[in-house]
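Q: With the input below, show me the fold.
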Amino acid sequence: MPCRKDYVKESKDPHEVVACITEKFEKDVSIDIFREQKAGIKNETQFYEVWLTITRERFLELIDQLFEFDFLHFHITSGNDDGDVVTLYYHFSLFRVAEQGKRLGMTVGVAVPKEDLVMPSLFDRIPGIEYSEREIREMLGVDFDGLPNKALVFLPEDWDQTIKPWRRDETGPGPEVVRELS
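A: I've put the predicted structure just below:
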């Protein structure tokens, strides 16, 4: 199904949304998980869940496409040190894309190479993302191009910013900065 302008504002079917994304982004996107979450006595669908991976180069284009379907409700950004890359996961919900009273949960994964740890900021599209991007910046070392405030959120002001607490490589904390809490 093509991503026509008249389609994106009218569709209520998560399957069509996923088909539209797959068609538009072709080899630059992979759908990792797409399922209905059922529960209750009648085992009815409560919500839909999609996990997808997109290339960094087409990330903003995908976000803009998701805004075409519905207002994109941002939850949080999480991340992981996966060896040569830091993988970021952006967690969103779309509410008008599913049946009445249901939602489509979208998790968008992006692999950011460690030799170029820069992502475009979503701050100009979703101002509420500021603290999440700042947290990822200080904990994993990913810089967000366009993020106006890059001050630390959780770490003390005198923290050695070359140490990234969530990293598993040489930039991660050594034993000298880790203390036992017992």
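
Q: where do the strands sit along this structure?
A: Ranges of strands in the chain, per DSSP state E, are 29-39, 44-54, 73-81, 85-94, 104-113, 118-120, 143-145.

Q: Just the buried residues of the last one, please?
A: Applying a neighbour-count criterion of 16 or more other C-beta atoms under 10 Å, one finds residue 144 buried in strand 143-145. For every residue, glycine as well, the C-beta is placed using N, CA and C.

Q: Any regions of the chain where pLDDT drops low?
A: 1-12, 98-101 (pLDDT under 70).

Q: ok, now with 90
A: 1-17, 35-40, 43-48, 68-71, 94-104, 173-182 (pLDDT under 90).

Q: Can I get the strands of the chain in CSV including distance to residue 65?
A: Formatted as CSV, the strands of the chain follow (distance: least, C-beta to C-beta, whole Å):
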stretch, distance to residue 65
strand 29-39, 10
strand 44-54, 10
strand 73-81, 15
strand 85-94, 11
strand 104-113, 11
strand 118-120, 15
strand 143-145, 20
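
Q: what's the closest of these to residue 181?
A: strand 73-81 (22.3 Å; C-beta to C-beta).

Q: Direction included, what does the closest one pair against?
A: Using DSSP bridges, strand 73-81 pairs in its sheet with strand 85-94 (antiparallel).

Q: list the buried ones in the strand it pairs with?
A: Of the residues in strand 85-94, those buried (16+ other C-beta under 10 Å) are 85, 86, 87, 88, 90, 91, 92, 93, 94.

Q: Stretch 69-76 now?
A: Per 16+ other C-beta under 10 Å, stretch 69-76 contains these buried residues: 69, 70, 72, 74.

Q: Would you mind pulling the contact partners of it?
A: 8, 11, 17, 63, 66, 90-97, 106, 122, 125-126, 128-129, 132 (C-beta atoms under 8 Å, 6 or more residues apart in numbering).

Q: Any of these buried? List them.
A: With burial judged by 16+ other C-beta under 10 Å, the buried subset of these is 8, 11, 17, 63, 66, 90-94, 97, 106, 122, 126, 129, 132.

Q: Farthest-apart pair in those residues, please.
A: Largest separation among those by C-beta to C-beta: 11 and 132, giving 28.1 Å.

Q: How about the contacts made by residue 58?
A: 25, 28, 29.

Q: In this structure residue 50 contacts residue 33, no?
A: Yes - Residue 50 lies in contact with residue 33 (C-beta atoms under 8 Å); the separation is 6.7 Å.
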